[in-house]
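In: Give the three-dimensional model of this entry:
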Amino acid sequence: MNTDALKDLLYRLADDQLILGHRNSEWNGLGPILEEDIAFSSMAQDKLGHSLQLYGLLHQLGEAEPDTVAFTRNAPQFHCCQLVELPIGDYAFSLIRHFLFDHAELLRFELLATSSYEPLAQVARKLKGELKYHVLHANTWVKQLGTSTEEAIGMLQKALNDTLPYALGIFETTAQEAAIIAEGIFPGEDALKARWQESITKVLAQTSLELPDLTTLTPVFGGRGGAHTEHLQPLLDEMAEVFRLDPTADW
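Out: Next up, the predicted model:
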């Protein structure tokens, strides 16, 4: 097994989950209705749990303990896509980000369930069940609001247009892509992107929203290689504030 290729993929997966988990947690107490306040908080907790399991796999491969990896790195050392680090914005933005990201994640973990690296396959088989509920939640609200008032449809359409270039960054490849595919660890980002586009298209076809031609969009890349927006480092500082007070503390 190519350990470098495996670690490369695991860091991307874990960092995405950790950062979006913290972003989604910012809806705690701010949801447009109580149901959504609870839903986003619950999904945030799930994502933090997913990141812990993935960092645990990295620890088994010789990397530092999960808390150390999560809370002591600076922005250039993170491999998350830029989509997940953007501020929560309004509910339309967070809903569309949730919709686009979780469709990709569910499909990714379904593919990882047959990974040649069995510890990762086992984690994927476990986590994809939770991700199905995340996608169900996203689909329900996109369909409901995407067929409701002119104002709601307009807000969602703007969020979709603004978010899609960042969402394409989910599928940014790295120098390890060929090895990841050759080793049977994962079928690759292009294969995932094709399935994702088909998946979101089916849902959006049931709404008044229009999916822009993805071939005309310029993907926002850089995150997988450590290039991030101005928003990530302040978030990391906030996340690590308590840990840095006493890294040796037992919780």
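
In: Now do the helix or strand of the chain with the lowest mean pLDDT: which elements does it pack against?
Out: Taking mean pLDDT, DSSP states H and E as the measure, helix 232-245 is the helix or strand of the chain with the lowest mean score, a mean of 85. Judged by 3 or more CB pairs under 8 Å, 6 or more residues apart in numbering; DSSP states H and E, helix 232-245 is in contact with helix 3-25, helix 66-71. All C-beta spots, glycine's among them, are computed from the backbone N, C-alpha and C.

In: Flag every buried residue along the following helix or strand past the first one.
Out: It stands for helix 3-25. The helix or strand immediately downstream of helix 3-25 is helix 34-60, counting by DSSP states H and E. Buried residues in helix 34-60, counted by 16 or more other CB atoms under 10 Å: 36, 39-41, 43-44, 46-48, 50-58.

In: now stretch 86-98
Out: Within stretch 86-98, the residues scored as buried using 16+ other CB under 10 Å are Leu86, Tyr91, Ala92, Phe93, Ser94, Leu95, Ile96, Arg97, His98.

In: Over to the fourth one. Which of the three states is it?
Out: What it means is Phe93. Secondary structure state of Phe93, per DSSP: H, G, I helix; E, B strand; the rest coil, is helix.

In: Spatially nearest residue to it (excluding sequence neighbours)?
Out: What sits nearest to Phe93 in space, not counting adjacent residues and going by CB to CB, 6 or more residues apart in numbering, is Ala159, at 4.6 Å.

In: what does the fifth one give?
Out: With CB to CB, 6+ apart as the measure, Ile88 is the residue that lies nearest to Ser94, at 4.9 Å, once sequence neighbours are left out.

In: ok, the one you found - contacts?
Out: Contact analysis of Ile88 by CB atoms under 8 Å, 6 or more residues apart in numbering lists Arg23, Asn24, Glu26, Trp27, Ser94.

In: Same question for Leu61.
Out: So Leu61 contacts Thr3, Leu6, Lys7, Leu10 (CB under 8 Å, 6+ apart).

In: would you turn the residues you listed into a markdown table with distance to Leu131?
Out: As requested, the contacts of Leu61 are arranged in a markdown table below (distance: CB to CB, whole Å):
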| residue | distance to Leu131 |
| --- | --- |
| Thr3 | 26 |
| Leu6 | 21 |
| Lys7 | 22 |
| Leu10 | 17 |
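
In: Low-confidence stretches in this protein?
Out: Residue ranges of the chain with pLDDT under 70: 27-35, 37-38, 242-243, 245-251.

In: could the contacts of Ile88 go into JSON lines alongside distance to Ser148?
Out: Shown next, in JSON lines, are the contacts of Ile88 (distance: CB to CB, whole Å):
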{"residue": "Arg23", "distance to Ser148": "25"}
{"residue": "Asn24", "distance to Ser148": "23"}
{"residue": "Glu26", "distance to Ser148": "25"}
{"residue": "Trp27", "distance to Ser148": "20"}
{"residue": "Ser94", "distance to Ser148": "17"}
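
In: Show me which of these is closest to Thr201.
Out: In terms of CB to CB, no member of the contacts of Ile88 lies closer to Thr201 than Ser94, at 21.3 Å.

In: so who does that closest one touch?
Out: Per CB under 8 Å, 6+ apart, neighbours of Ser94: Arg23, Asn24, Trp27, Phe40, Ile88.

In: picking up where we left off before, now rank the contacts of Ile88 by neighbours and give me the top one.
Out: With neighbours taken as other CB atoms under 10 Å, the top of these is Asn24, carrying 26 neighbours.

In: Having no further points to raise, I will conclude here.
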